[in-house]
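the sequence isn't on hand, but the structure is:
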């Protein structure tokens, strides 16, 4: 959405009412940031924790995906080589019954969870994953460290831990985390604002998911006015 479209819609609310808004939580999109600053002149801008943590988790997942593509490429070469020799290719099966390709694919949700939330099967899979790919284990621990910062109640302490995490990222020298760090630094002040009141836009995100699911069930939307009418009747 264009910033001007958002601003035009919100400005239908009187300025006096908009001046009463004390805080706005949002993602890291520049269009939303600009709209919030213009429409709510007295509000503190807060970058929502969900979007910041999601960015770091995506950096972790990217490492897993890179390994998976390498394994797929190696497997394709092995299949071609087996064909030339006139033999049938057999994938190497690990102790838990997964091939390397399956291990990397099925580890997606393991890396999103904390260790205490793993099932027994996930624990076995994670152990194998970390033994074969130690850099994924390092990245996973680094991600957990980042997520734990949001448990801090003190803004000053949180700021120090963020800065320590930035230094650790430099030492790890993993490109994906370096990119995530640059983005976090760009939004650093609004990220720190979270620790003042610890507000999130979780309710808005949840409602947005419901709308997306409703739209998907309808196989898309042709008549926007009727769609908005149905939304109002169902959710308002």
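Received, thanks. No experiment lies behind these values; they were computed from the predicted model shown.

check which helix or strand the residue nearest the centre of the chain maps to.
Nearest to the geometric centre of the chain sits residue 54, at 1.9 Å (Cα atoms, centre = their mean). According to DSSP states H and E, residue 54 maps onto helix 49-85.

which positions in that helix come out as buried?
Neighbour counts over helix 49-85 (16 or more other Cβ atoms under 10 Å) mark 49, 51-53, 55-57, 59-64, 67-68, 71, 75 as buried. Where you see a C-beta, it was placed from the backbone N, CA and C, and this is true even at glycine.

kindly report the same for stretch 12-26.
For stretch 12-26, by 16+ other Cβ under 10 Å, it's 18, 23-26.

just stretch 87-101 next, same as before
Neighbour-count burial for stretch 87-101 [16+ other Cβ under 10 Å]: 94, 98, 100-101.

cool, and stretch 147-160?
149-150, 158-159.

distance from the chain centre to that stretch, please.
19 Å (Cα atoms, centre = their mean, to the nearest Å).

so for it, mean pLDDT?
Mean pLDDT, stretch 147-160: 96.

go on, stretch 87-102?
Per-residue scores along stretch 87-102 average to 90.

what about the closest residue to residue 2 other than its chain neighbours, which helix or strand?
Here the nearest residue to residue 2 in space, its sequence neighbours aside, is residue 31; by Cβ to Cβ, 6 or more residues apart in numbering that works out to 6.7 Å. Residue 31 belongs to helix 30-39 when elements are defined using DSSP H and E.

the helix or strand that that helix is followed by packs against which elements?
On the C-terminal side of helix 30-39, the nearest following helix or strand under DSSP H and E is strand 44-47. Judged by 3 or more Cβ pairs under 8 Å, 6 or more residues apart in numbering; DSSP states H and E, strand 44-47 is in contact with strand 23-26, helix 30-39, helix 188-192, helix 194-197.

now, of these, which is deepest in the fold?
Mean neighbours per residue, mean count of other Cβ atoms under 10 Å, is largest over the helices and strands packed on strand 44-47 for strand 23-26, with a mean of 20.

so what strands line up beside that strand?
strand 44-47 (parallel) (DSSP bridges).

ok, residues contacting the strand it pairs with?
Here strand 44-47 makes contact (Cβ atoms under 8 Å, 6 or more residues apart in numbering) with 22-28, 33, 36-37, 187, 190-191, 193-194, 196-197, 199.

likewise for stretch 73-93?
99-101.

out of these, who's nearest residue 209?
residue 101 (30.5 Å; Cβ to Cβ).

any idea how far residue 64 is from that closest one?
The gap separating residue 101 from residue 64 is 12 Å, by Cβ to Cβ, to the nearest Å.
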